[in-house]
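Chemist: coordinates only, sequence not included:
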């Protein structure tokens with residue numbers, strides 16, 4: 001590998017790092033607009049179990065007291 005190839009590879013890596021840094025600084029100075037997303041649950045006869053077996057055991061423990 002010659003010195004010219006070594007310097008060329010170093011210059012290409014340096015250029016890529018500089019571009020990445022400038023992109024980051026531009027994003028910090030001019031941030032993109034925030035996107036607000038709302039969740040919509042569309043289901044026919046949807047079953048939701050929030051507490052599982054733990055809620056049943058807790059309820060039974062309170063009844064046995």
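Modeler: Structure received. Please read these numbers as outputs of a predicted model, since none were measured by experiment.
Chemist: next, residue 18: secondary structure please.
Modeler: helix (DSSP: H, G, I helix; E, B strand; the rest coil).
Chemist: count the neighbours of it for me.
Modeler: 10 (other CB atoms under 10 Å). To be clear about C-beta, it is placed using only N, CA and C from the backbone, and glycine gets the same treatment.
Chemist: low-confidence bits of the chain, can you list those?
Modeler: Residues of the chain that meet the criterion pLDDT under 70 lie in 51-65.
Chemist: and the helices in it?
Modeler: Assigned by DSSP state H, the chain shows helices spanning 3-29, 52-64.
Chemist: quote the end-to-end distance of stretch 28-43.
Modeler: Start-to-end span of stretch 28-43 (CA to CA, to the nearest Å) is 40 Å.
Chemist: list the buried residues for it?
Modeler: Buried residues in stretch 28-43, counted by 16 or more other CB atoms under 10 Å: none are found.
Chemist: stretch 23-39: how far from the chain's middle?
Modeler: Going by CA atoms, centre = their mean, to the nearest Å, the spacing between the C-alpha centre of stretch 23-39 and its chain's C-alpha centre is 13 Å.
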